[in-house]
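> could you look at this predicted model? Sequence included:
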Amino acid sequence: MLGGIGAQELILIFLVILLLFGAKRIPEIASGLGKGLREFKKAMRETQDEIEKAGEEKKTEDKKSEDESPEKKT
């Protein structure tokens with residue numbers, strides 16, 4: 001991802017950000033980004049858990065329906 005970006009480019013980018021936002025705003029921005037990422041990961045985990053739970057419930061329902069209505073063999 002950062003294969004083409006060297007140390008000099010990173011320093012330049014940091015200096016531009018420092019000039020645009022100021023030294024006091026950078027920690028606030030980083031904190032906001034961190035909180036946003038935490039919330040996003042939490043939502044992703046909850047969604048994944050719901051999907052897995054729904055899949056397990058579907059398997060349980062399918063198994064129950066098979067047990068309740070067995071095919072008659074002659």
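Received it, and whenever you're ready, just let me know what you need.
> shaky segments in this structure?
Along the chain, segments meeting pLDDT under 70 span 1-3, 69-74.
> gap between the most centrally placed residue in it and G22?
Of all residues in the chain, the one closest to the mean position by C-alpha atoms, centre = their mean is K41, 3.8 Å from it. Between K41 and G22 the distance is 29 Å, computed by C-beta to C-beta, to the nearest Å. (C-beta placed from N, C-alpha, C; glycine too.)
> what do you get for E46?
36 Å.
> what's the answer for A54, then?
48 Å.
> if we can go back for a sec, what strand or helix carries the residue nearest to the centre of the chain?
helix 25-68 (DSSP states H and E).
> just how off-centre is that helix within its chain?
9 Å (C-alpha atoms, centre = their mean, to the nearest Å).
> same question for stretch 19-34.
Put simply, stretch 19-34 sits 23 Å off its chain's centre (C-alpha atoms, centre = their mean).
> pull out the buried positions in it.
When neighbours are counted by 16 or more other C-beta atoms under 10 Å, no buried residue of stretch 19-34 is found.
> list the contacts of that stretch.
Contacts to stretch 19-34, defined as C-beta atoms under 8 Å, 6 or more residues apart in numbering, come from residues 17-18.
> and with 10 Å instead?
Applying C-beta atoms under 10 Å, 6 or more residues apart in numbering, the contact partners of stretch 19-34 are 14, 17-18.
> for I11, grab the count of nearby residues.
10 (other C-beta atoms under 10 Å).
> for it, pull up the helix or strand it's in.
In this assignment (DSSP H and E), I11 forms part of helix 7-21.
> off-centre distance for that helix?
For helix 7-21, the distance from its own C-alpha centre to the chain's C-alpha centre is 28 Å (C-alpha atoms, centre = their mean).
> residues of that helix that come out buried?
Those buried within helix 7-21 under the rule 16+ other C-beta under 10 Å: there are none.
> swap in stretch 53-60?
Buried, per 16+ other C-beta under 10 Å, within stretch 53-60: nothing.
> quick check: R25 vs G36, distance?
On the measure of C-beta to C-beta, R25 and G36 end up 16 Å apart.
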